[in-house]
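[1] pasting the sequence and the predicted coordinates here, then a few questions.
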Amino acid sequence: MLHCRNGNPKGSSTQIRVLVLLVFLFGGLVVNAQHHTEASFGKGIKFTPADSSFSIKFSTRFQTLYRGDYTIDSKDYSDRLLIRRARLKFDGFVADPSLTYKIELGISNRDHGGGNIAETGFTPRIILDAVVKWQATEHWSIWFGQTKLPGNRERVISSQKMQFVDRSLLNATLNLDRDIGVQFWHTNNVGKDGVLRKGLSVSMGEGRDIIASNAGGYDFTFRMDYLPFGDFKGKGDYFGADLAREPKPKLAVGFTYDRNVDAVRQRGQLGRYVRLSDGTQLTNTLSTVFIDAMLKYQGWSFMGEYGNKNGASNEFAVLDDGGTIKYVTGSSINLQSGYLFKNNYEVALRYTSTKPDNAEFSGLINQQMYTLGFSKYIVGHSLKLQSDISYWEIATASNRWVFEFQVEVSL
């Protein structure tokens, strides 16, 4: 799960120049501020000029991770230290408060990977989000650009605001990730307290930072969230742990349906391109369903998710050396719960299981993971210590124990 990919020197130097330029530009804005500048830990630095024609907020964060793997059969122990994530974020409004934007850059090796269709060389991919959002009316908004698709709840929750060190096996195998396109959102009240949110996305279907023409079809995603008891405090239906300590029970139930027509990558927006050794590109229409729920009350939280991905065909690429590249299809379930004590220590449990729909034609592995997590929230999700220990059962390999410890700092 923790693989690093090294870029070439030319790509790295280009990244550094871009990042230095962004920092200097933002620094100049703050120095020359004539109207209003805000700064506080965990909320970034916000600047608004005297004429209020725009605003910009800059924030940064990183995660330092230690991970150790003990393989039971061979009694081998391997470990590593790495910067799991490092991000730069810019957001605000332009011209009018109803027109907002977000830019998020990933600057750790884990955020990089080839964005070129041919995959013949390394293309730095530092752009995670670059999206503009227009709040057209009280109930309607339109998003245009690159950002997360409205997929499973666990994926939409920011990696800064997770209950465990990292996301589950369900998310690792089935999530929709990011894509480039347009999203339409509508929110309305239902009854006395209920809230209903609906989202529709039309995107390219090949993931983030693709710079070539469309190699397959398009991706269509529909998402619906129902909150029968009203909104959570501080959007708590999309962050881990009950840091808001909801005084009354709060529940959110979500449903996602995604159809990636003529997908060219193993998991739709993610994975290798499924092509033969002679370059012939295969396609497969992938359909994905997610059902999830979040429940919080007085420090206690529960989140459950079910996911299923299937393909219209069982075709996969057979290479000259006898290897195969398969589309990842199958189902998964993830259940997790935790309790946050008044001293802001939390204990949490998680169970995840993944199963292929067909052992011969699916790239999914039958596996189960049991996880016990401990967290200390020093300043909410902006400064925290997290650790967990997992027992990982893998059908095609030796079972193992996994230990992780991570420090999160978000300015």
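    Received, thanks.
[2] hey, where'd the helices end up in the stretch 101-250 of the chain?
    153-156, 169-174 (DSSP state H, counting those that start in this stretch).
[3] who's the closest spatial neighbour of the residue most central in space within the chain, skipping the chain neighbours?
    Geometric centre of the chain, nearest residue: residue 155, 4.1 Å, by Cα atoms, centre = their mean. Spatial nearest neighbour of residue 155, chain neighbours left out: residue 175 (4.3 Å); criterion: Cβ to Cβ, 6 or more residues apart in numbering. C-betas here are computed from N, CA, C, even on glycine.
[4] quick check: that neighbour vs residue 169, distance?
    Residue 175 is 11 Å from residue 169, where distance means Cβ to Cβ, to the nearest Å.
[5] look at these two and report which has more neighbours.
    residue 175 (26 against 23; other Cβ atoms under 10 Å).
[6] contacting residues around the more buried one?
    By Cβ atoms under 8 Å, 6 or more residues apart in numbering, the contact set of residue 175 is 151, 152, 154, 155, 167, 270, 307.
[7] residue 340 reaches residue 301, doesn't it?
    Yes - shown here, residue 340 and residue 301 form a contact pair, counting by Cβ atoms under 8 Å, at 7.5 Å.
[8] next one: whichever strand in the chain runs longest to chain centre, how far?
    Looking across the chain with DSSP state E, the single longest strand is strand 76-94. Centroid separation for strand 76-94 versus its chain: 12 Å, with Cα atoms, centre = their mean, to the nearest Å.
[9] please apply the same query to stretch 291-305.
    Stretch 291-305 has its C-alpha centroid displaced from the chain centroid by 18 Å (Cα atoms, centre = their mean).
[10] mean confidence score for that stretch?
    Rounded to a whole number, the mean pLDDT of stretch 291-305 is 98.
[11] would you indicate which residues of it are buried?
    The neighbour-count check on stretch 291-305 (16 or more other Cβ atoms under 10 Å) flags 291, 292, 293, 294, 295, 296, 299, 300, 301, 303, 304, 305 as buried.
[12] contacting residues for the residue nearest to the centre of the chain?
    So residue 155 contacts 148, 167, 171, 175, 176, 177 (Cβ under 8 Å, 6+ apart).
[13] for residue 37, same thing?
    30, 45, 46, 47, 48.
[14] most neighbours of all these, which one?
    Counting neighbours by other Cβ under 10 Å, residue 47 comes out on top of the contacts of residue 37 with 22 neighbours.
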